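**Q** Just the structure for this:
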Amino acid sequence: MGAIDIEGKAYLSNNKIFADVFNFLIYKGRQIIQAEKLKELDTTQIVLPYGNGARFPMQKHRDLLKIWSARMDDDAVYFLLGAELQGKTHYAMPVKNGLYDMIGYAKQVEEAKHSYRKKESEGDMFIEEGALKIKLSSEEFLSGFRKADKLMPIITATVCLSAYKWDGPLSLHEMLNVKDKEILKFIPNYVINLIAPANIADSEFEKFHTDFGLAMKALKYQKKGVVEVIEETNHRKIDRSTAIFLNKVANLGLEFVERDGDIDMCLAMEENNKKMKITGAIEMMEDMGTPENDIIEAIIRKYNVTKEYVLALLSPKVI
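**A** Reported below is the predicted structural model:
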């Protein structure tokens with residue numbers, strides 16, 4: 001697994017970040033989805049085989065899947081929210097996400113079917129739901145799904161963590177070699193919900209309410225310099241999880257100085273640059289045959305660091 005798979009999943013699994021992503025996607029930044037109303041679910045999904053030649057089910061894994069418990073019109077409503085992380089454009093994303101969503105709906109139908117305990121009495125078909133005994137029509141029995149049953153809506157977000165613009169299709173129809181609108185009317189479309197740094201206007205980043213927005217802006221201008229972008233926003237300190245995420249995904253190679261739970265990215269870059277200069281100076285003096293003690297004294301005097309700091313940077317062959 002790459003840095004995006006590991007660090008991206010770890011970062012977005014945080015309910016506050018996850019809620020921020022979907023509040024941006026669905027509600028344009030309004031704080032509707034609350035972190036405490038999210039619960040993580042098993043991301044394993046099973047593709048059931050169809051046809052006489054199909055034998056074995058196929059296992060698929062979403063990146064992240066959570067259930068959101070919401071209240072709408074005084075009723076409790078549940079939604080399944082999925083996130084798929086991409087480091088680069090995926091040119092078949094509408095099919096990939098569409099498959100995940102339809103598997104999710106098929107799973108709900110199967111769960112509804114198995115939740116009923118079937119009873120037969122004098123030729124009639126019934127289910128027992130708690131203390132109730134409900135008669136099924138022949139169509140309901142055949143479907144394994146009652147006319148009154150409802151499915152939980154599934155919303156999948158594609159989160160691209162790249163500095164490059166997403167140049168792939170955003171819908172199934174874009175993937176088809178069909179231009180005739182009369183035909184397309186009869187082909188159900190599937191549109192992906194994309195969040196990609198390079199596709200977000202600068203004015204839109206403020207709609208995020210966590211440091212995820214800052215991270216996405218930094219990734220958008222990664223070529224300019226992640227730390228420089230953070231400094232321009234007067235946002236030197238960011239939360240530790242965001243700093244770790246950016247450090248890995250943007251391959252910054254920084255060593256962090258943590259204060260009060262936050263990390264000063266600009267100070268981390270300054271420290272990193274200083275370390276590179278000192279390492280270069282040590283290597284040059286080692287190549288010249290300078291004695292170890294003289295190297296240590298020179299570095300301490302010039303860069304105002306401790307002896308332990310210099311010893312840690314000395315080449316193993318010198319120590």
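**Q** going forward, measure contacts between C-alpha atoms and count neighbours the same way
**A** Will do.
**Q** residue ranges for the strands of the stretch 101-250 of the chain, please.
**A** With strands called from DSSP state E, counting those that start in this stretch, the stretch 101-250 of the chain shows them at 117-121, 124-129, 132-136, 154-160, 193-195, 237-239.
**Q** What mean pLDDT does the second one get?
**A** Pointing back at strand 124-129 there. The predicted model gives strand 124-129 an average pLDDT of 62.
**Q** go on, the first one?
**A** Taken as a whole, strand 117-121 has a mean pLDDT of 51.
**Q** what does the last one give?
**A** Mean per-residue pLDDT for strand 237-239: 79.
**Q** Which neighbouring elements make contact with the host helix or strand of Ile263?
**A** Taking DSSP states H and E as the criterion, Ile263 maps to strand 262-264. Other helices and strands packing on strand 262-264, by 3 or more CA pairs under 8 Å, 6 or more residues apart in numbering; DSSP states H and E, are strand 237-239, helix 240-249.
**Q** Tell me which strands that strand pairs with, and in which orientation.
**A** The pairing partners recorded for strand 262-264 under DSSP bridges are strand 237-239 (antiparallel), strand 258-259 (antiparallel).
**Q** any idea how far Leu99 is from Lys60?
**A** 10 Å (CA to CA, to the nearest Å).
**Q** surely Glu206 meets Gly213?
**A** Yes. Counting by CA atoms under 8 Å, Glu206 touches Gly213, with 7.0 Å between them.
**Q** Tell me which of those two has more neighbours.
**A** Remark: of Glu206 and Gly213, Gly213 carries more neighbours, 21 against 13, as counted by other CA atoms under 10 Å.
**Q** on that earlier part again, nearest approach to Val77 belongs to which of the helices and strands packed on strand 262-264?
**A** Evaluated with CA to CA, the helices and strands packed on strand 262-264 place helix 240-249 nearest to Val77, the distance being 30.7 Å.
**Q** Flag every buried residue along stretch 307-316.
**A** Within stretch 307-316, the residues that qualify as buried are 310, 313-314, counting by 16 or more other CA atoms under 10 Å.
**Q** which one among these gets closest to Lys37?
**A** Looking across these and measuring by CA to CA, the closest to Lys37 is Leu313, at 48.1 Å.
**Q** Leaving out sequence neighbours, find the closest residue to the closest one.
**A** Of all residues not flanking Leu313 in the chain, Thr279 sits nearest, at 6.4 Å (CA to CA, 6 or more residues apart in numbering).
**Q** Tell me where the protein is predicted with low confidence.
**A** Low-confidence segments of the chain, defined by pLDDT under 70: 1-3, 45-59, 115-132, 227, 231-236, 256-261, 265-270, 272, 315-319.
**Q** Determine the longest strand present in it.
**A** With DSSP state E setting the assignment, residue counts place strand 75-86 as the longest strand in the chain.
**Q** so how far is the strand holding Ile263 off the chain centroid?
**A** If you compare the mean C-alpha spot of strand 262-264 with that of the full chain, they lie 22 Å apart, counting by CA atoms, centre = their mean, to the nearest Å.
**Q** Fine, thanks again, bye for now.
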